[in-house]
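Student: The sequence and its predicted three-dimensional model are supplied below.
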Amino acid sequence: MIRSFFLIYGIAVLAGVSFAEYRGWSLNRVDEVPNVPKSVRDNPGSYRSVYGYYHHYTGGK
Amino acid sequence: MSDQGPVPAGTPQLKSLNCPNCGATLTLRTFGQAVTVVCAGCHSILDAQDPRLKILQTFQVATGEDRPLIPLGTRGTIRGTKYEAIGFQRRSIRVDGIPYSWHEYVLFNPYQGFRYLTEYDGHWNDTSPLRSLPSLGRVGNTLTYLGETYQHFQTANATTSFVLGEFPWQVRVGESVEVSDYVSPPRVISSEKTGNEVTWSMGEYIAGRDLWKAFQLAGDAPAPIGVFENQPSPLRANVRTTWTMVTVFLTLLVALAVAVYSTARDEPVFEDSYSYNTNVRGEASFVTDMFELKGHTSDVVLTTSADVDNNWIYLNYALINEDTGHAYDFGREVSYYHGHDADGSWSEGGQKDSVTLPSVAPGHYYLRIEPESDPHHGNISYRVALRRDVPQIGFFWLGGLLLLIPALLISWRSMNFEHLRWAESDYGGAPSASFLGAVESAVSSVKDSMDGGDE
């Protein structure tokens, strides 16, 4: 019983890792924006990143 | 246990006598092999070897005070031999002022002699005298018998508090013996010391339902309560199997990692250097040249290197698919600070940063980059590099963790079972219940299995 369960579970884990590697999954998440106009290429300033106006660390010790 | 095996020829003849105290009919089942017999009517203990049944002791109890779960006179087959229940006693010990009682049944077969069953809270043991002496361990809390080591569990004074039927010894209510138990589940070796005399016996844990079947008793056996001293752990085999499987799958995971790292393309797709002058006002954003991501959907790793020194640069990135207009929007900061103070030298951050973009489809892409930094820092040079189909070590760590979790859970449950077992001992906790003990046990299981175990 436990052997069958672990056999299926272990194969599922290995298959999951293989698939994640093949498809290039990442533990990071990045915002995705659909339908960016082609005009951005000619006018980069027309695109506003959601990460603009970031409060930057300017310290040091 | 089996129904097969030798069965006494013919029906044993019962001998009926009368109790000299109350006149009740006594039934002797042991053909004169019993030493004492207890009258079920008045509870007089009689000398079964005396033709006149001399009264040895009387004790006052309510009739039926402690009814045997296996009625005296019931026959059942144990290990292929038919036995009859002929005697029953209750014995008690007192631990920390709390009395604990268990029951013992005397079984008899005219050819095989006596055998015993013990019962405590629904836990049963099939017990018989040892044929040779066990050897005590050096430190006194272990003993060895037939190559097996037994761990001391408990020593206590057991007092007989109720008797019924026939006994092959001079039984008395109120008599005390020092009982020591040594366990190696599913077996227990017990010594009973009276004066200078020590008798040894071995018990093997037996499920109540098997006894009910063997003695064809009505109803169900009482459900066992708690964990008994020599109760075999139902998880022990699972722990061994699981750790063996974990070892196999971890090995396969490492092999998979080697295969992925050797076959992944880890292909450079774009690299260029730029410079950002913080003194120049105006639109800072720009786009890179077009580049192509080929092959299957894969991750893309973007690395930013900047010559920051006690300052920072922040880059708003957008990786834009020229064909579909789909963009990956993210921001990265590269900052590096260092110096000296009263505590010595220190540093924070670094001049390099990497980020992984998951599952980027193939196509033609360009980057939109918008740098930011504190004004008046002057020129900051930075380099942007993209690689695709880069192996992610994190998934292998995650896979390893997922493989370990069920094994750790089962090991923890097994440890808990042992903890419950040893909580009732003189030691109050399992000798190997520590985390290191569990790890040691797991490593030993894996080692055993790799040495050609049958798992």
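Tutor: Thanks, I have the structure now. Numbers count the residues shown, from 1 in each chain, chains lettered A, B, ... in the order given.

Student: Remind me what the worst-scoring helix or strand of chain A on mean pLDDT packs against, helices and strands.
Tutor: Every helix and strand of chain A was ranked by mean pLDDT, DSSP states H and E. The lowest is strand A:31-33, at a mean of 92. Applying 3 or more Cβ pairs under 8 Å, 6 or more residues apart in numbering or on different chains; DSSP states H and E, we find strand A:31-33 packed against strand B:327-341. C-beta here means a position set from N, CA and C on the backbone, and glycine is covered the same way.

Student: which secondary structure elements does the strand it packs on contact?
Tutor: The contact analysis (3+ Cβ pairs under 8 Å, 6+ apart) places strand B:327-341 against strand A:31-33, strand B:298-306, strand B:311-321, strand B:344-349, strand B:352-360.

Student: In the fourth one, which of the residues would be classed as buried?
Tutor: So the one you mean is strand B:344-349. By 16 or more other Cβ atoms under 10 Å in any protein chain shown, the buried positions in strand B:344-349 come out as B:Gly349.

Student: Give me the sheet partners of it and which way each runs.
Tutor: strand B:327-341 (antiparallel) (DSSP bridges).

Student: Quick check: mean pLDDT of the strand it pairs with?
Tutor: Mean per-residue pLDDT for strand B:327-341: 94.

Student: List the buried residues of that strand.
Tutor: B:Ala327, B:Tyr328, B:Asp329, B:Phe330, B:Gly331, B:Arg332, B:Glu333, B:Val334, B:Ser335, B:Tyr336, B:Tyr337.

Student: Looking at these, which is nearest B:His103?
Tutor: Nearest to B:His103, judged by Cβ to Cβ, of those is B:Phe330 at 73.2 Å.

Student: Not counting its neighbours along the chain, what's nearest the closest one?
Tutor: A:Val30 (4.9 Å; Cβ to Cβ, 6 or more residues apart in numbering or on different chains).

Student: who's in contact with that neighbour?
Tutor: Contacts for A:Val30 (Cβ atoms under 8 Å, 6 or more residues apart in numbering or on different chains) come out as B:Tyr328, B:Asp329, B:Phe330, B:Val355, B:Leu357, B:Pro358.

Student: Excluding residues flanking it in the chain, which one is nearest whichever residue of the stretch 151-300 of chain B sits closest to chain A?
Tutor: Closest to chain A within the stretch 151-300 of chain B is B:Asp299: 3.3 Å, counting by Cβ to the nearest Cβ. Counting by Cβ to Cβ, 6+ apart, A:Gly24 is the residue found nearest to B:Asp299 once chain neighbours are left out, at 3.3 Å.

Student: where exactly do the helices run in the stretch 101-250 of chain B?
Tutor: Along the stretch 101-250 of chain B, counting by DSSP state H, counting those that start in this stretch, helices occupy B:208-214, B:236-263.

Student: Mean neighbour count and distance to B:Asp374 for these - can I get that in JSON lines?
Tutor: Formatted as JSON lines, these follow (neighbours: other Cβ atoms under 10 Å in any protein chain shown; distance: least, Cβ to Cβ, whole Å):
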{"stretch": "helix B:208-214", "mean neighbour count": "17", "distance to B:Asp374": "79"}
{"stretch": "helix B:236-263", "mean neighbour count": "18", "distance to B:Asp374": "40"}
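
Student: Could you report the distance from the residue nearest to B:Phe330 to B:Gly363?
Tutor: 16 Å (Cβ to Cβ, to the nearest Å).

Student: And B:Arg421, by the same measure?
Tutor: Look at B:Arg421 and B:Gly363: by Cβ to Cβ, they are 63 Å apart.

Student: what's the answer for B:Gln89, then?
Tutor: From B:Gln89 to B:Gly363 the distance is 86 Å (Cβ to Cβ).

Student: and B:Val179, what does it touch?
Tutor: Contacts of B:Val179 (Cβ under 8 Å, 6+ apart): B:Ile93, B:Thr155, B:Ala156, B:Asn157, B:Ala158, B:Ser190, B:Ser191, B:Glu192, B:Lys193.

Student: what's near enough to touch the last one?
Tutor: In other words, B:Lys193. Going by Cβ under 8 Å, 6+ apart, the list of residues near B:Lys193 reads B:Val177, B:Glu178, B:Val179, B:Ser180.

Student: how about a cut-off of 7 Å?
Tutor: B:Val177, B:Glu178 (Cβ atoms under 7 Å, 6 or more residues apart in numbering or on different chains).

Student: got the domain boundaries for chain B?
Tutor: As given by automatic domain parsing, the domain ranges for chain B are B:15-226, B:237-256+B:395-450, B:266-390.

Student: lowest-confidence stretch among those?
Tutor: Mean pLDDT is lowest for domain B:237-256+B:395-450 among the domains of chain B, at a mean of 82.

Student: Do that domain and chain A come into contact?
Tutor: Yes - for domain B:237-256+B:395-450, a contact with chain A is found by Cβ under 7 Å from any Cβ of the partner chain, at B:238, B:241-242, B:245, B:249, B:252-253, B:256, B:395-396, B:399, B:402-403, B:406.

Student: what's the burial count for residue 41?
Tutor: You didn't say which chain, so I picked chain A. 15 (other Cβ atoms under 10 Å in any protein chain shown).

Student: was after chain B, sorry
Tutor: Residues lying near B:Gly41 (other Cβ under 10 Å) number 15.

Student: One more: B:Pro186?
Tutor: For B:Pro186, using other Cβ under 10 Å, the count is 16.

Student: tell me the contacts of it?
Tutor: B:Pro186 makes contact with B:Glu204, B:Tyr205, B:Asn230, B:Pro232, according to Cβ under 7 Å, 6+ apart.

Student: again with B:Gly349
Tutor: Contacts for B:Gly349 were tallied using Cβ under 7 Å, 6+ apart; they are B:Ser335, B:Tyr336, B:Tyr337.

Student: Repeat that for B:Val287.
Tutor: A:Arg41, A:Pro44, B:Tyr366, B:Leu367, B:Arg368.

Student: got the phi/psi numbers for it?
Tutor: phi -120, psi 150 (degrees, to the nearest 10).

Student: Across the sheet, point out what pairs with it.
Tutor: Assessed by DSSP bridges, B:Val287 has beta-bridge partners B:Arg368.

Student: Packing partners of the longest strand seen in chain B?
Tutor: Criterion DSSP state E: the longest strand present in chain B is strand B:148-167. Helices and strands touching strand B:148-167, by 3 or more Cβ pairs under 7 Å, 6 or more residues apart in numbering or on different chains; DSSP states H and E, are strand B:36-38, strand B:81-95, strand B:98-109, strand B:142-145, strand B:176-184.

Student: Tell me which of those strands is the most buried.
Tutor: When those are scored by mean count of other Cβ atoms under 10 Å in any protein chain shown, the highest mean neighbour count falls to strand B:36-38 (a mean of 26).

Student: so what does it touch, helix or strand wise?
Tutor: The contact analysis (3+ Cβ pairs under 7 Å, 6+ apart) places strand B:36-38 against strand B:44-47, strand B:148-167.

Student: Next, format the ones you listed as CSV and append mean neighbour count.
Tutor: Below are those laid out as CSV (neighbours: other Cβ atoms under 10 Å in any protein chain shown):
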stretch, mean neighbour count
strand B:44-47, 21
strand B:148-167, 20
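
Student: Of the helices and strands packed on strand B:327-341, flag the one that's most buried.
Tutor: Highest mean neighbour count among the helices and strands packed on strand B:327-341 (mean count of other Cβ under 10 Å): strand B:311-321, with a mean of 23.

Student: still on that earlier bit, nearest approach to B:Leu69 belongs to which of the helices and strands packed on strand B:327-341?
Tutor: B:Leu69 lies closest to strand B:352-360 among those, at 64.8 Å (Cβ to Cβ).
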